[in-house]
Structures are given as structure tokens and as C-alpha cells.
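[1] Sequence below, structure please.
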Amino acid sequence: HGAFVKTGEESDQPDLQMRFLPAKALMPDGMSTFTQFKYIGNFEDGYSFQSVATRAKSRGSVRLASSNAHVKPIIDTGYLSDPADLTTLREGIKLGRKLGKSPAWAEYLGEEVFPGPHVQSDADIDAYIRSSLHTANALVGTCKMGLGEDAVVGPDLSVRGVTGVRVVDSSVIPNIMGGQTGTPTVMIAERAAAFLQNPELAPKEERVIVDETVYHQAEEVEAAAA
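    Residues are numbered from 1 along each chain as shown. Sure, this is the predicted structure:
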């Protein structure tokens, strides 16, 4: 249960997902806590609000460390590399507090555990976010689908330059959608299955090469006209 929220007037789409969980987290990484409940005999009642930057602007990377396939890749999560994500999460914490203190929640209101009542200023909230940030398990884009030079797979999900290999998971989604990736990934899998059963259904790739100089010049002309 939860809600999708626009945290600023400049946003044209919701940038925050507010999750509600009927359980009290034992550490800032709530999801890790909840996986441990079956090992805990007694735990206090409570509830949690989780803030998720649904349209994260920060970008990480996955790079090969070696030509040896058994060597682990180099993963850079890139969390908070764009300050807009920090603003979104900060507003999420403020909204969670506002909801928790609303009259409708009065009979359930207890002591705030995380980040804690002592964390009040924007600077303190930002410090808490940086120290407790973790993935919402909705990662995309490392095998981007598209037509440009940076695309890994084409519209038919085949790896470009390699015969007989397709990538069929959320990594082919170029940009994260404003929600969970589970349902879109099922849709991608259904499409891939249809392509395999009937190759005629697969879209034919047409290479599109964009002259970046001309593209940016056009952007400048449009901006000047506006």
C-alpha cells in the first residue's frame, strides 16, 4: 500500500513513492529487517513509511573488470550523484512524519524510531539519508534497448553484434519508470516468448545515427526562440 507523490511544483510526474508497511523496522534498512522477522520471537508493534525516488536521476554503472567471465564486474551504484534525488527523499521523510502525526493516525502514534526526533534540520535529514540509503530493488538500464550507438540490445531484444543471444529482464529498460519494475519485466518476457515462437512478430531494427552537433544546435535554436 502507498502513494505516488509530486514533491515539487516543477515536477510534471510523481517523483516519490511512499510505501506503507504494517511493521516496525529494527534498522534504517527496513526491508532487510523484515526478512529477519521469522527469526525473532517477540517484536514490538509499529508501522513504517518508506520513501522511494521513483524517477531517480542519479546514474551508476556496471563495467567489466577483466576479460575473464569469472571475475566480478565493477559496480558503481552512483547513489545521490544527482542532488535532485536527495531532495526527493528528504521531502519523503517530511511527508512520512506529517502523515504519522495526522489525526487519523492518532491512536497508533508512538515514538519515532528512524530517523529519530533529534533529526530535524535539512542538513541532519540529508546526513541520515546518505548514511542509510539502499536500493529499492528496481534497477534498469545496464543492457539498454534502443537504436543508438549506446544500445546493447535491439527492439527484438537480441544482443547487437552477437548471434543467438537475447537479454530478457529489466536491464533492457532504458530509463526507470515511475514505479516497480516487476510487471514491465513480465511484459518484456511475454514479448520475447512471442518473438521466439514467431520471428515475424519481432520488430526490424533500423539503425539511427544522430549527429550530436546538429542536435545540440537545434536545441539552442529552440531555446532562443522560447
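[2] hmm, who's touching stretch 2-17?
    Residues lying outside stretch 2-17 but in contact with it, judged by Cβ atoms under 8 Å, 6 or more residues apart in numbering, are 18-20, 50-55, 84, 87-89, 91-92, 95, 136, 178-179. Where C-beta positions appear, they are placed from N, C-alpha and C, glycine not excepted.
[3] From one end of that stretch to the other, what's the distance?
    Counting by Cα to Cα, to the nearest Å, you get 7 Å between the two ends of stretch 2-17.
[4] What mean pLDDT does it get?
    Throughout stretch 2-17, pLDDT has a mean value of 90.
[5] now do stretch 163-170
    Per-residue pLDDT over stretch 163-170 has a mean of 94.
[6] Give me the neighbour count for residue 58.
    If you count neighbours by other Cβ atoms under 10 Å, residue 58 ends up with 15.
[7] Do I have it right that it meets residue 80?
    Yes - look at residue 58 against residue 80 with Cβ atoms under 8 Å: they come within range, at 5.9 Å.
[8] one step back: emit the ChimeraX select command for whichever of the contacts of stretch 2-17 are buried.
    To isolate in ChimeraX the members of the contacts of stretch 2-17 that are buried, counting by 16 or more other Cβ atoms under 10 Å, one can use:
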select :18,19,50,51,52,53,54,55,84,87,88,89,91,92,95,136
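[9] what about residue 177, how many neighbours?
    Residue 177 - counted by other Cβ under 10 Å - has 14 other residues nearby.
[10] Wait, it touches residue 184, no?
    Yes - with contact defined as Cβ under 8 Å, residue 177 counts as touching residue 184 (6.3 Å).
[11] Output the below-cut-off pLDDT ranges for this structure.
    By pLDDT under 70, the weakly predicted segments of the chain are 1, 205-226.
[12] What are the boundaries of the helices in it?
    30-34, 83-100, 122-132, 182-197, 212-225 (DSSP state H).
[13] If you compare the directions of the second one and helix 122-132, what angle comes out?
    Translated: helix 83-100. With axes from the mean of the first three to the mean of the last three Cα atoms, to 10 degrees as the basis, helix 83-100 and helix 122-132 are set at 100 degrees to each other.
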